[in-house]
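> sequence first, predicted coordinates after that:
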Amino acid sequence: MGKIKVVHYINQFFAGIGGEEKADIKPEVREEVIGPGMALNAEFKGEAEIVATVICGDSYFNENVEEAKAEILEMVKKYEPDLFIAGPAFNAGRYGVACATITAAVQSELGIPALTAMYEENPGVDMYRKDIYIVATKNSAAGMRDAVKKMAPLALKLAKGEEIGSPAAEHYHARGIRKNFFADKRGSARAVDMLIKKLKGEEFETEYPMPDFDRVEPNPAVKDITKATIALVTSGGIVPKGNPDHIESSSASKYGKYDIEGIEDLTSETHETAHGGYDPVYANEDADRVLPVDVLREMEKEGKIGKLHRYFYTTVGNGTAVKNAKAFGEEIGKELKEAGVDAVILTST
Amino acid sequence: MVKEIERAGLPVVHMCTVVPISLTVGANRIVPTIAIPHLLGNPALDPKDEKNLRRKLVEKALKALQTEVEDQTVFED
């Protein structure tokens, strides 16, 4: 077998093309090794080689999934690679979803071994963990070296059709697959070992983790919307101009609550976005594009809704820890309920 | 956030562009929007048409809030 041929997928940012202002670029292919591809190539230690890099803007991919997928599959097919690698995407949500979607498509539609890598809270993980191998990484690009060290060996194994070990041994996100194997101790002995560890307060690993189905039942519909108080909440980072509470542009540690009494329309003079994960130009020009205060005021006047709640709640959903988002949601939900709000419109960029 | 607010007992409609993420997160009422940086607008339109577009989407969201659902539901056109 000659060198394993690899096609690598990255976004506009890791290709050095630009940040959010370039997130709408269409897929393109370059016969070069770019950005994280260099580290991967080095880690292959001569066994494999990146022959081409596909680059696509994160917003373009997510807003045009079917087209982007088809275009990229064509590009990949042309090189007849033995292996496809996307990312690593760390905790970048749209990039992670793009990496996982295209990895799954290459694997299922072209039949080429494929893998990607990202942080466990990246939405791409839950969407595709059952279908593909997703190497577990840290939550930021500071974890690049570590990510590449885990990706390269697993990728080579996949390309060579070798047997893949457990998620813990090969550093990928568990896929929910059960595999029969012979343990060196019988079940009763393993159970007692586990119990002893537990009693001693030591760490132990269950052999049968419970699935985590955290779903919330939908609440009943609003009976009479013309009498209802509607509140606006957003993860799109809309804040009063100047961002008075200094909500962080990524990994937000707080949310804001702002009075909109008497405000008919959000303008470039009054409001802006604090979000660092999308191109802010449009929201800064007119924040109603993310938080529709103007339209709701209009409908309030026309009697189409009872009332727009006096305060809106906002944070930046950009690499924000699930733990934080959950805590924000709990507090906001409680306050809104106590304030007599009937229903919520939540906008996410 | 969507899920925790719903858990507090309020019906929530999630307006977002990347619907698969919303489904993964666990929103129950979902209304797809225009584009990530301008969910409820389109800078290519003149301001009046843009506001109309936004109004239509908000009306759709309000309709979703008035619709009983048993499971995750995406409100397309």
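Structure's in. What do you need? Numbers count the residues shown, from 1 in each chain, chains lettered A, B, ... in the order given.
> which residues sit in contact with the most centrally placed residue in chain A?
Ranked by distance to the mean C-alpha position of chain A (CA atoms, centre = their mean), the top residue is residue A:93 at 2.4 Å. By CB atoms under 8 Å, 6 or more residues apart in numbering or on different chains, the residues touching residue A:93 are A:122-124, A:277, A:318-319, B:21. C-betas here are computed from N, CA, C, even on glycine.
> one more pass at 6 Å, please.
Residue A:93 sits next to residue A:123 when contact means CB atoms under 6 Å, 6 or more residues apart in numbering or on different chains.
> that one and residue A:142, how far apart?
Noted for residue A:93: a distance of 18 Å to residue A:142, by CB to CB, to the nearest Å.
> returning to that earlier point: what pLDDT is listed against the residue nearest to the centre of chain A?
Note on residue A:93: pLDDT of 92.
> kindly report the same for residue A:290.
On the pLDDT scale, residue A:290 is placed at 97.
> again with the one 4 residues further on
Looking at residue A:294, its pLDDT is 97.
> so is it in a helix, a strand, or just coil?
Secondary structure, DSSP: H, G, I helix; E, B strand; the rest coil: residue A:294 is helix.
> now for the least confident helix or strand in chain B by mean pLDDT, which elements pack on it?
Lowest on mean pLDDT, DSSP states H and E among the helices and strands of chain B sits helix B:19-25, with a mean of 90. Under the contact definition 3 or more CB pairs under 6 Å, 6 or more residues apart in numbering or on different chains; DSSP states H and E, helix B:19-25 sits against helix A:123-128, strand B:29-32.
> quick one, helices of the stretch 151-300 of chain A?
For the stretch 151-300 of chain A, applying DSSP state H, counting those that start in this stretch gives helices covering A:167-170, A:187-200, A:281-285, A:293-301.
> what does the first one rub up against?
It stands for helix A:167-170. Outside helix A:167-170, the residues that touch it by CB under 6 Å, 6+ apart are A:154, A:164, A:174.
> residue ranges of the helices in chain B, please?
Using DSSP state H, the helices of chain B run over residues B:2-7, B:19-25, B:47-65.
> nearest to residue A:266, out of the ones you listed?
helix B:47-65 (11.6 Å; CB to CB).
> in a markdown table: the helices of the stretch 151-300 of chain A, plus mean neighbour count and distance to residue B:64.
A markdown table is the format used below for the helices of the stretch 151-300 of chain A (neighbours: other CB atoms under 10 Å in any protein chain shown; distance: least, CB to CB, whole Å):
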| stretch | mean neighbour count | distance to residue B:64 |
| --- | --- | --- |
| helix A:167-170 | 13 | 38 |
| helix A:187-200 | 11 | 46 |
| helix A:281-285 | 19 | 23 |
| helix A:293-301 | 19 | 15 |
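> related to what we said a few turns ago, top of the contacts of helix A:167-170 by number of neighbours, please.
Using other CB atoms under 10 Å in any protein chain shown as the neighbour test, the contacts of helix A:167-170 are led by residue A:154, with 21 neighbours.
> any idea how far that residue lies from chain B?
Residue A:154 sits 24 Å away from chain B, taking CB to the nearest CB, to the nearest Å as the criterion.
> same thing with residue A:97?
Shown here: residue A:97 relative to chain B, a distance of 6 Å by CB to the nearest CB.
> for that residue, what is the enclosing helix or strand?
Assigned by DSSP states H and E, residue A:97 belongs to helix A:93-105.
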